[in-house]
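Asker: Predicted coordinates and the sequence they were generated for:
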Amino acid sequence: MFADLSEIGAGAAADCARYSRISLHKDLLPFATTKHAAKLLTLRYYKQGADMLTKSALAGLRLDEITDQQAQAFAAKNSAMSASSINRGLRTLRRACNLALHVWAD
């Protein structure tokens with residue numbers, strides 16, 4: 001994860017701020033469904049990750065507000081889950097951030 005969006009540059013942070021309230025179920029999952037139509041396990045992976053994130057405190061944050069501390073708090077709150085389950089949520093978050101910066105910002 002990143003410490004904050006300043007690591008990826010001011011322009012990218014501004015683009016990310018425009019997409020600060022991305023809905024994982026409205027934006028990420030349709031994108032994943034189109035891109036990975038033949039990969040059912042990949043779709044399940046992103047759906048489970050999106051479900052985890054929407055039930056967490058991260059869901060209330062703008063993308064440009066998410067820091068390593070929030071990611072660590074997410075992991076700590078879900079510490080009863082397996083490491084791979086926690087990582088699924090964090091990887092889904094990273095994918096949503098990357099899509100917001102590089103795909104949806106256009």
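Answerer: Done, it's in.
Asker: I'd like to know which helix or strand in this protein has the lowest mean pLDDT.
Answerer: Across the helices and strands of the chain, mean confidence by mean pLDDT, DSSP states H and E is lowest for helix 10-18: a mean of 47.
Asker: quick one: furthest residue from the center of the protein?
Answerer: In terms of distance from the mean C-alpha position of the chain, residue 38 ranks first, at 22.0 Å (Cα atoms, centre = their mean).
Asker: Let me know the secondary structure of that residue.
Answerer: Per DSSP: H, G, I helix; E, B strand; the rest coil, the secondary structure class of residue 38 is coil.
Asker: Distance-wise, check the residue most central in space within the chain relative to residue 69.
Answerer: By Cα atoms, centre = their mean, the chain has its centre lying nearest to residue 93, at 1.5 Å. From residue 93 over to residue 69 the distance is 14 Å, taken as Cβ to Cβ, to the nearest Å. Every C-beta, even on glycine, is put in place using the N, C-alpha and C of the backbone.
Asker: in the longest helix along the chain, what counts as buried?
Answerer: Longest helix of the chain, by residue count under DSSP state H: helix 83-102. Judged by neighbour count using 16 or more other Cβ atoms under 10 Å, the buried positions of helix 83-102 are 86, 88, 89, 90, 92, 93, 95, 96, 97, 99, 100, 101.
Asker: ditto for stretch 55-75
Answerer: Residues 56, 58, 63, 64, 66, 70, 71, 74, 75 are the ones in stretch 55-75 that count as buried (16+ other Cβ under 10 Å).
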